[in-house]
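Enquirer: Model the structure of this input:
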Amino acid sequence: MITINYFVALAFLFFVSPTSDELGAFKINGYAQGTSYSITYYAKEEWVKKKSIDSLIQVIDQSMSLYKPGSLINKFNESTSGMLVDFHFMEVYQRADAIFKDTQGKFDVTVAPLVQLWGFGPKKIERLPDSAAIKNALLGVGMEKIKWHRRTLSKENPAVSIDLNGIAQGYTVDVISRYLRSCKINRFMVEVGGELYIQGTKPDKQLFKVGIEGPVNSAFSDERIKHILQFKKGAITTSGNYQKYVMNGNQRISHLINPKTGYPLKNEMISVTVFAKDAITADGYDNALMAMHVQEALAFVAKRKNMEVYIIYVKENGELADTWSAGFKKLIIN
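Expert: Numbers count the residues shown, from 1 in each chain. Here you go, the predicted model:
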C-alpha cells in the first residue's frame, strides 16, 4: 500500500490588532479545496462575511475541483472531444497555457494522468507505476494537444485530461481579493492553503509580516520559519517537495512530476517561493521554477518584470542552502 504524506506550509506569520479607533480587524477562517483558508481585513464595519467567501469558493470548486463529482474539470476529463467551460475555468486555463509556453513546457496542466499514476490524484493506488504505464500516460500529456477558442476547449487526443491544482488556489486567492476590493476594502490579507495575497497596511501604518517556511535541518536551520518579509502589495506562493510526497519503503517521491519524462522531479531544488503582482502568477511559476536548476531559475526570473524568487536547495555536498533574486532580498526584514 502506498502512503501519502502532506503538509501545508502556511505563508502568513501573524497579525497585530489595529490601534485605530476607526477601523476594526475582521477575520474569516474556514476549510475549502482540501485545505484551510484565512482572511483578515480592516474596515469600519463587517462588510464581508464567511457565507459570501464560501459561496465564491464553491463556484470555483464546481468548476475546477477534481475531488467534486460533476465538476466541469471532471466532465472535461471524461469527454472525448472537449466542451464549453465557464469563465473561471477559461481564465485559469489561458493563464496556465501562457506559463506553459513561457517555461517551454515545464508547467503543464495535462500531467493529470501522471499525477494519478504516482498516487497524488483523487483515487488511491496500490503500487507505483512501471515504465510501460508511464509511457502510455505520456501519450496524453502536452498542452499543445488542447485547442481553445473563446470558452471552448477541444482535445486533439481523447486521452488528454487536466489537473489545475498547481494554479487554481492562487486563482482563488485573486478572486477573493477582487471581491474584497469590490466591497471597498483596501487593507487585507487573503490566504488559501499557504498561497497568499496582501494589499495595504494595517490602520497603524504597519506592514503585514509574512513568514517563509522551509524544511527543518540543523545544518541549515532548526527553525521552520526561514525569513520574515514585509511588503505593501503583492502575492507570495511556495512550491516544495518536502511538503507533499509518496513513501515507497524508505524512498520519498516528490509530488512534482516532470511532464516530459513522466517521473517525479529529481534536482537540487527543495522549495521555491515566488513573489508576484498576483497569486495566479506566483502559483503557476513556482511549480515551473521547481523543475529548473538554481542558476537557471534565477536567470529566468531576472528577465521577467514583477517577479522575484527565494530558493532552498541542496548543495553538492548534501548541505541545505538558500538564495534569492535581488528584488526578493529587499522584502526580507529578518
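
Enquirer: Gly193: neighbour count?
Expert: By other CB atoms under 10 Å, the residues close to Gly193 number 24. From N, CA and C alone the C-beta is placed, and that goes for glycine too.

Enquirer: got it, and Ala299?
Expert: Using other CB under 10 Å, Ala299 has 12 other residues around it.

Enquirer: how close does it get to His293?
Expert: According to CB to CB, to the nearest Å, Ala299 stands 10 Å off from His293.

Enquirer: next one: Gly70
Expert: Distance of Gly70 to His293, computed by CB to CB: 41 Å.

Enquirer: Neighbour count for those two, which is higher?
Expert: Between Gly70 and His293, counted using other CB under 10 Å, His293 has the larger neighbour count: 12 against 8.

Enquirer: What is the neighbour count of the nearest residue to that one once chain neighbours are set aside?
Expert: Closest residue to His293 apart from its sequence neighbours, by CB to CB, 6 or more residues apart in numbering: Asn267 at 6.0 Å. Per other CB under 10 Å, the neighbour tally for Asn267 reads 18.

Enquirer: Can I take it that Asn267 is in a helix?
Expert: No: Asn267 sits outside any helix when classified using DSSP: H, G, I helix; E, B strand; the rest coil, being coil.

Enquirer: Quick one: residues contacting it.
Expert: Neighbouring residues of Asn267 by CB atoms under 8 Å, 6 or more residues apart in numbering: 291-293.

Enquirer: just Ala291 next, same as before
Expert: 103, 106-107, 256, 258, 265, 267, 269.

Enquirer: which secondary structure element contains Val272?
Expert: strand 269-276 (DSSP states H and E).

Enquirer: where's whichever helix or strand comes after that strand relative to the chain centroid, distance-wise?
Expert: Using DSSP H and E, the helix or strand that directly follows strand 269-276 along the chain is helix 279-290. Here the centre of helix 279-290 is set off from its chain's centre by 6 Å, with CA atoms, centre = their mean, to the nearest Å.

Enquirer: Show me which residues of the helix or strand that helix 279-290 is followed by are buried.
Expert: Downstream of helix 279-290, the first helix or strand assigned by DSSP H and E is helix 294-302. Residues of helix 294-302 classed as buried under the neighbour-count rule (16 or more other CB atoms under 10 Å) are 294, 297-298, 300-301.

Enquirer: And these, which is closest to Leu117?
Expert: If you rank the buried residues of helix 294-302 by distance to Leu117 using CB to CB, Ala297 comes first, at 26.5 Å.

Enquirer: got the contact list for the closest one?
Expert: Going by CB under 8 Å, 6+ apart, Ala297 touches 269, 272, 289, 309, 311.

Enquirer: Next: Lys50.
Expert: 28-30.

Enquirer: By neighbours, which of those residues wins?
Expert: Going by other CB under 10 Å, Ile28 tops these with 19 neighbours.

Enquirer: where does that one land in three-state SS?
Expert: Per three-state DSSP, Ile28 ends up strand.

Enquirer: Identify the residues contacting it.
Expert: Neighbour list for Ile28: 37-39, 48-50, 53 [criterion: CB under 8 Å, 6+ apart].

Enquirer: Please produce a PyMOL select command covering the buried subset of those residues.
Expert: Buried residues within the contacts of Ile28, by 16+ other CB under 10 Å, are selected in PyMOL with:
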select buried, resi 37+38+39+48+53
